[in-house]
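Chemist: below is the sequence, then the predicted model.
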Amino acid sequence: MGIKIIKGGLMTTVQDAGRRGYQRYGMGVSGAVDVHSYHYANILVGNERNEAVLEATMIGPSIRFQSDSVIAVTGGDLSPSLDGKPCPMYRAVPVPAGSVLSFGMMKSGCRAYIAFAGGLEIYPVMGSRSTYIKAGLGGFDGRKLKDGDEIAFARSGFVPKNLEKRILPEELRFDAITRANRVGATETATAAANMGPREYTVRVLLGPQDDRFTDKGLETFLNSAYKVTDQFDRMGCRLTGPKIEHVTDGNIITDGIAFGAIQVPDSGEPIIMLSDRQTTGGYAKIASIINVDMPMIAQAKTGDTIRFVKTDIDTAQDEFIAQIERYKELQDLFDGTEKEKPTSGSPADKEAPAPKTAGGKYLVRVNGKAFHITLKEIE
Amino acid sequence: MTYPCIKLSGDTSIAVVFGNEISTEINTRIRAFDEALAEEIAQGRIEGIYETVPTYCSLMIHYAPEVIRYQALCEKVEKILAVSHEAKKLSTTVMEIPVCYGGEYGPDLDYVASYHEMDPSEVIRIHTSAEYLIYMLGFTPGFSYMGGMDPSIATPRQKTPRVLIPAGSVGIAGGQTGIYPIDSPGGWQLIGRTPVRMYDAHRDVPILLDAGLHVKFFAVDEEECKRILSLVEAGKYQCRTYVKEVRDGN
């Protein structure tokens, strides 16, 4: 048993970590655009973190559960509700058969991820369950979901252990990560302000064709605010703003394109390449956004502002590796297999004394960082 | 700039750049390096590389920093470059691809012929006489960028691209020739169509062609084309291949 799609929403597709190993044949990678939210969703419901999930964009789907399940909704806040009541995000939520998960207003971000405990029964194509719409392959019939589609659970009835513990620390959620970046953010930001345009600052590594731009062009790129246009989809995100000057023009001899690469064609305005990008392209790439900052681009929408700052490869890879460690620690934490950490003696513990654990508040350490977790009973 | 050189392409990819022009010599070096790298991976001497993408002038390497970090990867790459960047004498496989030229299969054959003031049969003769090197695959699954076409049939793209070009269409765009692997929009001059599937998601090897391979077209009539198509549909058609010696990829 599984789910039945009542309404497909704007762009709801089956995605996983992407199709690797076939780019040399012109086959795009696809996969979830907001990689962190995707992995967190799976980890919360006790799946392998590369399991297939649903990615919903802007207007989410309505889904009827034909059997009991446990789900987690992560990513942008598209106002998920279960049978009309708000459905909490970033935690494992048991869903009884017959319930309907639906979505409402887009409050923050634009892409939500829905993971199902035990995964979805989707036949892998070239090693991946990701939908690649342009080639009409992978996922569910190679297309976005529409009314009436049915997908079975791969392991129906799977319930992860420690259900009540499966809540993602606030600090790791999309909203917390971007809060500091919000335009005009204040301590008392209201829910309305939360929905306004945001400004994201993302770190980049220059190259591979930064030498195709003048010093002035590079300066423009690193010191300007770029607005997200309405031309953004799973393939790319087109920005508008000050023109970036080329040495000659924006054309190169076609070469490979990485996730997060920033192309600058003759127009002088950047295009950020996302999951459904073509494998190769003929526009000069001034820089690439580092992977750990890509979720901000994945959640950016028309009218949001993007700024680019330079970083170095060591910083980028330190953080990339730390993120993977974080996934493993969360899995251990939720499965109850985390190693006992020394409770005293380490300087970090002294600097961050545990708060009084009244009610359902706990202090949890992940990768040496302290997280305050609030546990609530599930209605 | 001295070649080959390593360029950052984000924190999980690098581009090893061998030059800045389209030439068989550069392409051969890329292929030799890619093969040497694949061998190192197969022998377990490099871990953490999950795929490589050869293009006209560079090889893009996608890797997992949690297994191999940038500096360590660069050292490995430089070590291989030190021994493999000399263009080697190689052999190459040539795959023979049947094409039904003209008519509904190649609606632009007459245009190409009149553009060059030659008979359509002459266009077919020239197009089927060369062995085309596949420099790279990209754009859509299985789309091959081939070089080596006789300039006497080079023809500019259509001014207004077609909205839908059927899979298997063989076209000309300037001095390039190629095959559309899936139904897609495009502006190439279509001179024929092959019944062979360049791309089939459910085949063991979904993509028929590969970079470094050569292609030679041969003309078939409509009847033969339909016969081959029925074999293809039954999974019983195999393109003939032969091996030829090459120097610098030619």
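Modeler: Right, received. Where do you want to start?

Chemist: does the biggest strand by length in chain B reach chain A?
Modeler: Counting residues, the longest strand found in chain B (DSSP state E) is strand B:90-101. No: if you take Cβ under 8 Å from any Cβ of the partner chain as the test, strand B:90-101 misses chain A, and the best it gets is 14.5 Å. (Glycine included, C-beta is placed from N, CA and C.)

Chemist: residue ranges with poor pLDDT in the chain?
Modeler: Reading this off chain A. When residues are selected by pLDDT under 70, those of chain A lie in A:177-195, A:338-379.

Chemist: that's the other chain; I wanted chain B
Modeler: The model of chain B has pLDDT under 70 over residues B:84-90, B:246-250.

Chemist: let's go with 50 and repeat that
Modeler: Across chain B, the ranges flagged by pLDDT under 50 are B:249-250.

Chemist: so what secondary structure elements neighbour the longest strand of chain B?
Modeler: Strand B:90-101 sits against helix B:24-42, helix B:120-127, strand B:189-193, strand B:214-219, helix B:222-233, strand B:241-246, with contacts defined as 3 or more Cβ pairs under 8 Å, 6 or more residues apart in numbering or on different chains; DSSP states H and E.

Chemist: if we use 6 Å, what do you get?
Modeler: Other helices and strands packing on strand B:90-101, by 3 or more Cβ pairs under 6 Å, 6 or more residues apart in numbering or on different chains; DSSP states H and E, are strand B:189-193, strand B:214-219, helix B:222-233, strand B:241-246.

Chemist: what about the helix or strand just after it, distance to the chain center?
Modeler: The helix or strand immediately downstream of strand B:90-101 is helix B:109-115, counting by DSSP states H and E. Centre-to-centre, helix B:109-115 and its host chain are 25 Å apart (Cα atoms, centre = their mean, to the nearest Å).

Chemist: got a list of what residue B:54 touches?
Modeler: Shown in contact with residue B:54 (Cβ atoms under 6 Å, 6 or more residues apart in numbering or on different chains): B:30, B:34, B:136, B:211.

Chemist: for the nearest residue to it once chain neighbours are set aside, the count of nearby residues, please.
Modeler: Nearest non-adjacent residue to residue B:54, counting by Cβ to Cβ, 6 or more residues apart in numbering or on different chains: residue B:211, 4.7 Å away. Neighbourhood size, residue B:211 [other Cβ atoms under 10 Å in any protein chain shown]: 24.

Chemist: contacts only, for residue B:211.
Modeler: Contact partners of residue B:211, counting by Cβ under 6 Å, 6+ apart, are B:54, B:134, B:136-137.

Chemist: where's residue 237, which helix or strand?
Modeler: Just so you know, I chose chain A. strand A:236-240.

Chemist: domain assignment for the chain?
Modeler: Chain wasn't specified; assuming chain A. A:2-167, A:192-313 (automatic domain parsing).

Chemist: hm, I was asking about chain B
Modeler: With automatic domain parsing as the reference, chain B has domains B:5-88, B:91-246.

Chemist: quick one: name the residues of the stretch 201-350 of chain A near chain B.
Modeler: Contact residues (Cβ under 6 Å from any Cβ of the partner chain) of the stretch 201-350 of chain A with chain B: A:205, A:207-208, A:253-256, A:258, A:260, A:278-280, A:288, A:290-291, A:313, A:316-317, A:320-321, A:324.

Chemist: out of those, which end up buried?
Modeler: For those, a burial check counting by 16 or more other Cβ atoms under 10 Å in any protein chain shown picks out A:205, A:207-208, A:254-256, A:258, A:260, A:278-280, A:288, A:290-291, A:313, A:316-317, A:320-321.

Chemist: list the buried ones in the longest helix along chain A?
Modeler: If you go by DSSP state H, chain A has its longest helix at helix A:313-335. Within helix A:313-335, the residues scored as buried using 16+ other Cβ under 10 Å are A:313, A:316-317, A:319-321, A:323, A:326, A:329-331, A:333-334.

Chemist: which two of the residues you listed have the greatest separation?
Modeler: For the buried residues of helix A:313-335, the maximum inter-member distance is 32.0 Å, found between A:313 and A:334 (Cβ to Cβ).

Chemist: for the residue of chain B most remote from its centre, give its distance to chain A.
Modeler: Outermost residue of chain B with respect to the C-alpha centroid, by Cα atoms, centre = their mean, is residue B:66; its distance is 32.3 Å. Applying Cβ to the nearest Cβ, to the nearest Å, the value for residue B:66 to chain A is 5 Å.

Chemist: what about the strands in the stretch 251-379 of chain A?
Modeler: Along the stretch 251-379 of chain A, the segments classed as strands by DSSP state E, counting those that start in this stretch run A:251-256, A:261-263, A:271-273, A:280-283, A:285-289, A:305-310, A:361-366, A:369-374.

Chemist: other residues contacting the third one?
Modeler: In this case it means strand A:271-273. With Cβ under 6 Å, 6+ apart, strand A:271-273 has contacts from A:236-238, A:257, A:261-263, A:297.

Chemist: so what pairs up with residue A:12 in the strands?
Modeler: Note on residue A:12: beta-bridge partners by DSSP bridges are residue A:56.
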